[in-house]
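S.K.: one predicted model, sequence on top.
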Amino acid sequence: MAAIPGGADHAHDHDHHQPTGIMRWVTTTNHKDIGSMYLWFSFAMFLVGGVMALVIRAELFEPGLQVVDPDRFNQMTTLHGLIMVFGAIMPAFVGFANWMIPLMIGASDMAFARMNNWSFWLLPPAAILLTSSLLVPGGAAASGWTLYPPLTVQMGIGMDMAIFAVHILGISSIMGSINIVTTLLNMRAPGMTLMKMPLFCWTWLITAYLVIAVMPVLAGAVTMILTDRHFGTSFFNAAGGGDPVLYQHIFWFFGHPEVYIIAIPAFGVVSQVIPAFSRKPLFGYASMVYATSSIAILSFIVWAHHMYTVGMPVAGQLYFMFATMLIAIPTGVKVFNWVATMWRGSLSFETPMLFSIGFLFLFTLGGFSGLVLSMTAVDIQLHDSYYVVAHFHYVMVAGALFSAYAGAYYWLPKWTGHMYDEKLGKLHFWLSIVFFNMTFFVQHFLGLAGMPRRIPDYSLQFAEFNMISSIGAFGFGLSQLVFLVVVLKCIKGGEKASAKPWDGAEGLEWTVPSPAPHHTFETPPVFK
């Protein structure tokens, strides 16, 4: 049966009825339903990964072992990373893509509606596999989310469950990305050229290509671990002529673009929000497109800056140092363009704008600590210390999570037809930003003082900063429940959203193309 445009919106004439209740969600091909399921799934996984982070921080609250044994601690570290990256952040942005891309380009639905359904329904079994690896004998893979051999070659069945889960999550990501690329290239409304697409669409087009390019690399790496474990190969086993450092090269060839797979859709969201609340089009649309593309291309040639301490030749270290510093240029272009968009705009500070500005400050700080770590001599000192933990949480939490919140608050009125509670939204923002910095800013000092990451116990000199960090983490975790309250209140009812809920940002509504396409929406008003 040929797919019918509009998916589940249009009942087929010869079908007796549309499924209702739970089956409506299991069988839906409607991009909005699927987008909503992605978003709910990612929030559930965010809470699961968050609980694991709180176990980690509870253990580190003071020196000495108190909450969990060291093995369990390492399992929590591994699963926290894998769940947050593959279960929380990536599905959240895929949820935004599903909801908004067809609306932004004037398409009736995603290109492959059935595949869209399948790429979502692969996620829950993978998540169950991953989390239930905690319950098997020997527990989950206690190797960190990077799954380095030789640790991963020696572990129990929990490792096999993790590998299988990673495969399923990868298949889901690849299918979702094929769908997004096809939709964006083939289903734009007449007159909407690529350079007239909203930037959110551009960032997803670029991200989807990254996913298609690097997910198979990760699949190859974990498959090689699998054959080392069960089929007598020695890819990474030095005793059989293999090389554990080979795994690191393959993993980080996936892992560095992966960082941008998480960050680039975040750039897209803030590129929609900032112009709307500045009441003017995005500054430098074309340069934003080119900067984003060059970030994506450069992300493939910097992977070994994660590996300065493996004994690379100095020439290799120099190359990766300079290539890494190069990425700072297009990233800087983007930051300046966002600031220039706000410059002399008619600014208002609703919750989405607050989260976007929070993103701007903290993501830039994370970028600077990344620049510090790009320097080989410095990184050799700071490698595997809490400085690195602080750096990537500034990029991941302040970067990806804050921009996801900005997008959620920005589009909630469109999704639900109701305005969210602005007071609660602002409370959520201020609690989040205060506790986030309380948790992670002090970790820079821990790292500079030499505290290694992934340890369940530490010497007394690190006690005060760890206590601050742990208190901050519990504050941050609990303040995320405010967001849940906001969303549930918004779905249940509340003030009706007008056709243009962001008052005064007319024509800069859900899509903020620059220049505005001549065939949709009116052109942005001129503010005197």
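M.R.: Thanks, I have the structure now. Numbers count the residues shown, from 1 in each chain.

S.K.: buried residues in the helix or strand hosting Phe363?
M.R.: Phe363 belongs to helix 351-374 when assigned by DSSP states H and E. Buried residues in helix 351-374, counting neighbours by 16 or more other Cβ atoms under 10 Å, are found at 351-360, 362-367, 369-371, 373-374. Where you see a C-beta, it was placed from the backbone N, CA and C, and this is true even at glycine.

S.K.: now stretch 415-422
M.R.: Of the residues in stretch 415-422, those buried (16+ other Cβ under 10 Å) are Trp415, Thr416, His418, Met419, Tyr420, Asp421.

S.K.: go on, stretch 183-191?
M.R.: Thr183, Leu184, Met187, Arg188.

S.K.: try stretch 276-296
M.R.: Buried, per 16+ other Cβ under 10 Å, within stretch 276-296: 276-285, 288-289, 291-296.

S.K.: that stretch spans what distance, first to last residue?
M.R.: 26 Å (Cα to Cα, to the nearest Å).

S.K.: roughly how far is that stretch from the heart of the chain?
M.R.: Relative to its chain's centre, stretch 276-296 lies at 20 Å (Cα atoms, centre = their mean, to the nearest Å).

S.K.: what of stretch 143-158?
M.R.: Worked out by Cα atoms, centre = their mean, stretch 143-158 lies 24 Å from the chain centre.

S.K.: just the CA coordinates of it, formatted as CSV?
M.R.: The C-alpha coordinates for stretch 143-158 follow below in CSV (Å, rounded to 0.1, in the frame of the first residue of the first chain):
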residue,chain,number,x,y,z
SER,A,143,34.8,0.4,31.2
GLY,A,144,33.5,4.0,30.8
TRP,A,145,31.2,5.0,27.9
THR,A,146,34.2,4.7,25.5
LEU,A,147,34.3,0.9,26.0
TYR,A,148,38.1,0.7,25.8
PRO,A,149,39.7,-2.7,25.6
PRO,A,150,41.4,-4.6,27.2
LEU,A,151,38.7,-4.0,29.9
THR,A,152,35.8,-4.7,27.5
VAL,A,153,37.4,-7.9,26.3
GLN,A,154,37.5,-9.4,29.8
MET,A,155,34.0,-8.6,31.1
GLY,A,156,30.9,-10.7,31.5
ILE,A,157,27.6,-10.8,29.6
GLY,A,158,26.7,-7.2,30.6
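
S.K.: quick revisit: sort out for me which of the buried residues of stretch 415-422 are in strands.
M.R.: Among these, no member falls in strands (DSSP state E).

S.K.: now do the buried residues in the lengthiest helix in the chain.
M.R.: Ordering each helix of the chain by length in residues (DSSP state H) puts helix 244-278 first. Applying a neighbour-count criterion of 16+ other Cβ under 10 Å, one finds 244, 247-248, 250-278 buried in helix 244-278.

S.K.: same thing with stretch 35-50?
M.R.: Buried, per 16+ other Cβ under 10 Å, within stretch 35-50: 35-39, 41-43, 45-46, 48-50.

S.K.: any idea which of those is closest to Thr193?
M.R.: Distance to Thr193, by Cβ to Cβ, is smallest for Gly35 among those, at 25.0 Å.

S.K.: pLDDT averaged over the helix or strand that closest one falls within, what's the number?
M.R.: Under the criterion DSSP H and E, the helix or strand holding Gly35 is helix 31-59. In this model, helix 31-59 has a mean pLDDT of 97.

S.K.: packing partners of the next helix or strand after it?
M.R.: Heading C-terminal from helix 31-59, the first helix or strand you meet, by DSSP H and E, is helix 70-82. The contact analysis (3 or more Cβ pairs under 8 Å, 6 or more residues apart in numbering; DSSP states H and E) places helix 70-82 against helix 31-59, helix 123-132, helix 157-186.

S.K.: now do the shortest one against helix 70-82, angle only.
M.R.: It refers to helix 123-132. 160 degrees (axes from the mean of the first three to the mean of the last three Cα atoms, to 10 degrees).

S.K.: can I get helix 123-132 in CSV, CA atoms only?
M.R.: This file holds the C-alpha atoms of helix 123-132, laid out as CSV (Å, rounded to 0.1, in the frame of the first residue of the first chain):
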residue,chain,number,x,y,z
LEU,A,123,14.9,2.8,21.1
PRO,A,124,12.9,1.4,24.0
PRO,A,125,14.3,-2.2,23.6
ALA,A,126,17.8,-0.9,23.3
ALA,A,127,17.3,1.2,26.4
ILE,A,128,16.0,-1.8,28.4
LEU,A,129,18.9,-3.9,27.2
LEU,A,130,21.4,-1.3,28.3
THR,A,131,20.0,-0.6,31.7
SER,A,132,19.2,-4.2,32.5
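
S.K.: report the rounded mean pLDDT for that helix.
M.R.: Helix 123-132 comes out at a mean pLDDT of 96.

S.K.: what comes up buried for the helix or strand following it?
M.R.: Sequence-wise, the next helix or strand downstream of helix 123-132 (DSSP H and E) is helix 151-154. Across helix 151-154, burial judged by 16+ other Cβ under 10 Å covers Leu151, Thr152, Val153.

S.K.: and for stretch 443-454?
M.R.: Gln443, His444, Phe445, Leu446, Gly447, Met451, Arg453.

S.K.: before we move on, which element is the fourth one in?
M.R.: If I follow you right, that is Leu446. Using DSSP H and E, Leu446 falls in helix 422-448.

S.K.: report the buried residues of the next helix or strand after that helix.
M.R.: Next along the chain after helix 422-448, taking DSSP H and E as the criterion, comes helix 463-492. Using 16+ other Cβ under 10 Å as the test for burial, helix 463-492 gives 465-470, 472-477, 479-480, 482-483, 486-487, 490.

S.K.: so the helix holding Phe363 versus helix 463-492, what angle?
M.R.: 150 degrees.

S.K.: next SSE downstream of helix 351-374?
M.R.: As assigned by DSSP H and E, the chain's next helix or strand after helix 351-374 is helix 376-382.

S.K.: could you give the average pLDDT over that following helix?
M.R.: Mean predicted confidence for helix 376-382 is 96.

S.K.: using CSV, write out the CA atom coordinates for that helix.
M.R.: In CSV, the C-alpha atoms belonging to helix 376-382 read as follows (Å, rounded to 0.1, in the frame of the first residue of the first chain):
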residue,chain,number,x,y,z
THR,A,376,49.3,18.9,23.6
ALA,A,377,51.6,19.9,26.5
VAL,A,378,48.7,21.1,28.6
ASP,A,379,46.5,18.2,27.8
ILE,A,380,49.2,15.6,28.8
GLN,A,381,48.9,17.1,32.3
LEU,A,382,45.1,17.3,32.3
